[in-house]
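Undergrad: 3D model of this:
(one chain, ligands or ions: 1)
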Amino acid sequence: MIREVLRMGDPRLLQVARPVERFGTPELAGLLADLRDTMAHLNGAGLAAPQIGVSLRVVIFGVKANPRYPRAEAVPDTVLINPELEPLAADKEEDWEGCLSVPGMRGMVPRFRTLRYSGRDERGERFERTVEGFHARVVQHECDHLDGILYPMRVRDFRQFGFNEALFPGEALPPEE
Ligand code: NI
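TA: Residues are numbered from 1 along each chain as shown. You can find the predicted model right below:
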């Protein structure tokens, strides 16, 4: 079912979400179906459960390669539950981000360039990946939602934050997260 995505200003987006304790339940399957339906409806790159008002540590993400926005590399469709992130280098790089909870805007956000993430899939199986670049950025953005952090809170230079049409007139932009 397509759910309403909460927008910045809603206090539910600022909560720290709690871990999933039981896997293989109808509740978890229903939550994941709703996240997928909602993300697909909005052509998003990722969505976290708190964005639809469910305070659990569940995110989904996935991006298909698109020549119209070459910096957004393909990211496999992923369900990540109870994630843990471990940066593999101290350096951060800045790039533009958008968020389904901050629609129509972009900001320049520093993120760790490379990291290892681990967590559970929808069956409760543990997995881990080592990633960099855009994939690493998407994971950091989504997992921030689980701690009540929206990307504008990480913008360092507010001259690089604004409305899509004003920042990038006429350009095709990568999907929001
Ligand atoms: Ni977001």
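Undergrad: neighbouring contacts of stretch 122-142?
TA: 23-24, 28-29, 32, 45-48, 59-61, 63, 71-73, 75, 79-81, 83, 85, 88, 95, 97, 99, 109, 111-121, 151, 177 (CB atoms under 8 Å, 6 or more residues apart in numbering). Every C-beta, even on glycine, is put in place using the N, C-alpha and C of the backbone.
Undergrad: what about burial for the residues you listed, which qualify?
TA: Listed as buried from those are 28, 32, 45-48, 59-61, 63, 72, 75, 79-81, 83, 85, 97, 99, 109, 111-113, 115, 117, 119-120, 151, 177; burial here means 16 or more other CB atoms under 10 Å.
Undergrad: Just list whatever residues bridge to whatever residue of the chain ends up closest to the ion.
TA: Taking CB to the ion, the ion has its nearest neighbour within the chain at residue 99, 3.2 Å off. Beta-bridge partners of residue 99, counted by DSSP bridges, are residue 102.
Undergrad: didn't it look like it was pressed against residue 177?
TA: Yes. Residue 99 is within contact range of residue 177, at 5.6 Å (criterion: CB atoms under 8 Å).
Undergrad: what does the lengthiest helix in the chain contact?
TA: Identified as the longest helix of the chain according to DSSP state H is helix 26-41. Outside helix 26-41, the residues that touch it by CB under 8 Å, 6+ apart are 1-3, 5, 20, 22, 44, 46-47, 49, 52, 54, 56, 58, 60, 79, 100, 122.
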